[in-house]
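>>> dropping the sequence and predicted coords here.
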Amino acid sequence: MRFIAVLLLLQSGSLLAGECVVLIHGLARTASAMNPLVKPLEANGYQVVNVDYPSRKQPIEVLAPLAVQELGVQSCINASKVHFVTHSLGGILVRYQAEKSNIENLGHVVMIAPPNQGSEVVDHLRDVPGFFTFNGPAGLQLGTDENSIPAQLGPVEFSLGVIAGTDTINPILSQYLPNPDDGKVSLQSTKVDGMDDFIVFPHTHTFIMRSKQVIEQVLYFLEHGKFNTAG
């Protein structure tokens with residue numbers, strides 16, 4: 001019995017010594033939005049931390065260290081590498097934290113539908129009643145003017161792949177965006193200087209992370225540092 005307990009402990013330690021993937025959801029979402037990625041990542045041997053943070057309650061300056069470092073990196077027990085897969089605002093949190101503070105053992109980052117250049121939707125709707133109530137202080141920081149957080153961040157200096165969408169289920173918001181767009185962010189605005197690879201799928205901002213194609217590309221980038229464009 002004691003031998004079995006020791007064996008299980010050794011096996012557990014071996015698993016925990018592997019690579020960890022931190023999932024960070026977008027604005028006004030919860031960790032459940034990233035659930036479709038959890039099992040595929042675990043099936044490929046990754047330790048997975050699906051972060052749930054109060055995206056509507058605090059500005060980016062507070063959310064970044066909370067989601068990326070405290071709830072993310074610090075939950076990756078004994079990990080040799082810490083990768084990130086983000087949706088929307090989650091990508092800006094990683095960029096902000098990486099620029100302001102070193103992220104220990106940082107591996108690859110995949111950003112899904114990130115507002116890397118901000119979103120014109122915020123520019124047009126920030127003063128509309130209810131916008132702040134629904135999106136909070138972080139939502140106000142995602143415009144395209146010089147005061148936006150994305151505008152203040154420099155080129156990325158880590159391994160980054162960006163996945164963008166070009167379909168929309170929200171024609172009202174799309175009217176404020178340069179085409180093509182995903183209903184929240186224009187295709188051009190997802191790009192950032194320093195990224196290693198970029199790929200596009202005909203999916204909407206809200207549901208792009210559920211796509212089997214997207215999940216396959218996430219897994220490929222985490223292993224190879226590039227997307228699979230063969231064939």
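Looks like it came in fine. Numbers count the residues shown, from 1 in each chain.
>>> in this structure, what residue spans correspond to strands?
Secondary structure of the chain by DSSP state E: the strands cover 19-24, 47-51, 81-87, 106-112, 159-165, 197-201.
>>> which parts of the last one are buried?
Within strand 197-201, the residues that count as buried by 16 or more other Cβ atoms under 10 Å are 197, 199, 201. C-beta here means a position set from N, CA and C on the backbone, and glycine is covered the same way.
>>> one more: stretch 147-160?
148-150, 153, 156, 158-160.
>>> now these in JSON lines, with distance to Asn44 and pLDDT?
Listed next are the buried residues of stretch 147-160 as JSON lines, based on distance: Cβ to Cβ, whole Å; pLDDT from 0 to 100:
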{"residue": "Ser148", "distance to Asn44": "35", "pLDDT": "94"}
{"residue": "Ile149", "distance to Asn44": "32", "pLDDT": "97"}
{"residue": "Pro150", "distance to Asn44": "31", "pLDDT": "97"}
{"residue": "Leu153", "distance to Asn44": "30", "pLDDT": "97"}
{"residue": "Val156", "distance to Asn44": "24", "pLDDT": "97"}
{"residue": "Phe158", "distance to Asn44": "21", "pLDDT": "97"}
{"residue": "Ser159", "distance to Asn44": "17", "pLDDT": "98"}
{"residue": "Leu160", "distance to Asn44": "20", "pLDDT": "98"}
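>>> sorry, back to before: which one of the strands of the chain lies nearest to Phe227?
When those are compared by Cβ to Cβ, strand 197-201 sits nearest Phe227, at 4.6 Å.
>>> could you check the angle strand 106-112 makes with the closest one?
30 degrees (axes from the mean of the first three to the mean of the last three Cα atoms, to 10 degrees).
>>> what strands flank strand 197-201, and is each parallel or antiparallel?
strand 159-165 (parallel) (DSSP bridges).
>>> how about residues contacting the partner strand?
107-114, 116, 182, 185, 187, 190-192, 194-205, 208, 214, 217-218, 221, 225-227 (Cβ atoms under 8 Å, 6 or more residues apart in numbering).
>>> show me where pLDDT drops low in the protein?
Within the chain, the stretches with pLDDT under 70 are 1-17, 231.
>>> okay, and the beta partners of the most centrally placed residue in it?
What sits nearest the mean C-alpha location of the chain, by Cα atoms, centre = their mean, is Thr86, with 1.2 Å. When bridges are called by DSSP bridges, Thr86 pairs up with Ile24, Met111.
>>> Pro114 is in contact with that one, correct?
Yes - between Thr86 and Pro114 a contact is recorded at 6.7 Å, counting by Cβ atoms under 8 Å.
>>> contacting residues for Asp167?
Neighbours of Asp167 in contact, by Cβ under 8 Å, 6+ apart: 182-183, 202-204.
>>> are any of the residues you listed buried, and which?
Among those, those classed as buried by 16+ other Cβ under 10 Å are 182-183, 203-204.
>>> okay, those in a markdown table with distance to Gly136 next?
Below are these laid out as a markdown table (distance: Cβ to Cβ, whole Å):
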| residue | distance to Gly136 |
| --- | --- |
| Asp182 | 21 |
| Gly183 | 20 |
| His203 | 25 |
| Thr204 | 22 |
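>>> helices of the protein, start to end?
For the chain, the helices defined by DSSP state H cover 2-16, 35-43, 60-64, 89-100, 120-125, 131-140, 149-152, 171-174, 212-224.
>>> for the ones you listed, which one sits closest to Val51?
helix 89-100 (8.2 Å).
>>> contact partners of the closest one?
Contact partners of helix 89-100, identified using Cβ under 8 Å, 6+ apart, comprise 23-27, 55, 60-61, 63-65, 67-69, 84, 86, 103, 106, 109, 111-112, 114-116, 138, 142, 149-150, 153-154, 156-158, 192.
>>> all good on my end, thank you.
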